[in-house]
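Enquirer: let me see the structure of the following:
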Amino acid sequence: HGSAALSTFTMSSASNFKILGVCGGICSGKSTACKLLRDFPGAVGHIDADSLAHEVYAPGSKAIQEISDYFGEQVIDKEAGVVDRKALGSIVFSDQSKMSALEQIVWPHVKNSLTREIEKLKSSVRNSDRSVAIVEAAVMLDAGWQDIFDGIWVVRTQREAALYRMVENRGIDVDAAALRIDAQISRRGIGNADEELKNDNISAIIENEGSLEDFTHSLKAKWKEFLQ
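Expert: Numbers count the residues shown, from 1 in each chain. The predicted model follows:
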């Protein structure tokens, strides 16, 4: 262990500390998966990249300045010093190239926050303990963050099941829910998980089709493999 402890930390250089990425479409069950995984032996923490993205939009942040420079001041609520989500949304949701531009601004800031959070988790565990940090992020493949992770799992469910959950649990009307689900199909790992698995860009697909018990069982089996 001695030499490993001295090696500089390039994400996962310490073999006992692993970073697991969990992605999947909206209402696929990836958040449920992460909640379950947090209680598995060896799990030391769960980082939600979506909540880090919200921090990136904090008043006075670098990202807000970059968004203002690119999209114009009309997308900034000047009094509050925050992004006017409605104004920005009306631009990016109707134009894929504008959405890509926004992502190119935001993703590097999220990655910086993410690596900082992982560093914090890593420094909180003893080097001799086998430990896993769980990172939840829908866009990790599109954002090009693969180099951070020792494994990437995609949680997948049938479109109808995701639609039902969005309508029942989030109170979103069917048409709006369908639009949001279909908008994600072009995302890597969401619409093309089998292909990503075949190309070794992800390490597992966890099907979320049956009961919570079945889902937990699948996660436990994969977790055991991952820890080896």
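
Enquirer: doesn't Val154 fall inside a helix?
Expert: No: read with DSSP: H, G, I helix; E, B strand; the rest coil, Val154 is strand and lies in no helix.

Enquirer: so what's the residue count around it?
Expert: 28 (other Cβ atoms under 10 Å). To be clear about C-beta, it is placed using only N, CA and C from the backbone, and glycine gets the same treatment.

Enquirer: what's the answer for Gln228, then?
Expert: Residues lying near Gln228 (other Cβ under 10 Å) number 4.

Enquirer: ranges for the helices of this structure?
Expert: 2-6, 30-37, 49-56, 62-71, 85-92, 96-123, 159-170, 174-183, 193-198, 212-227 (DSSP state H).

Enquirer: of those helices, which is nearest Ala204?
Expert: Nearest of these to Ala204, taken as Cβ to Cβ: helix 212-227 at 5.2 Å.

Enquirer: next one: the closest one to chain centre, how far?
Expert: Relative to the chain's own centre, helix 212-227 is displaced by 19 Å; criterion: Cα atoms, centre = their mean, to the nearest Å.

Enquirer: go on, stretch 130-143?
Expert: On the basis of Cα atoms, centre = their mean, stretch 130-143 sits 5 Å off its chain's mean C-alpha point.

Enquirer: now it: buried residues?
Expert: Neighbour-count burial for stretch 130-143, counted by 16 or more other Cβ atoms under 10 Å, picks out 131-143.
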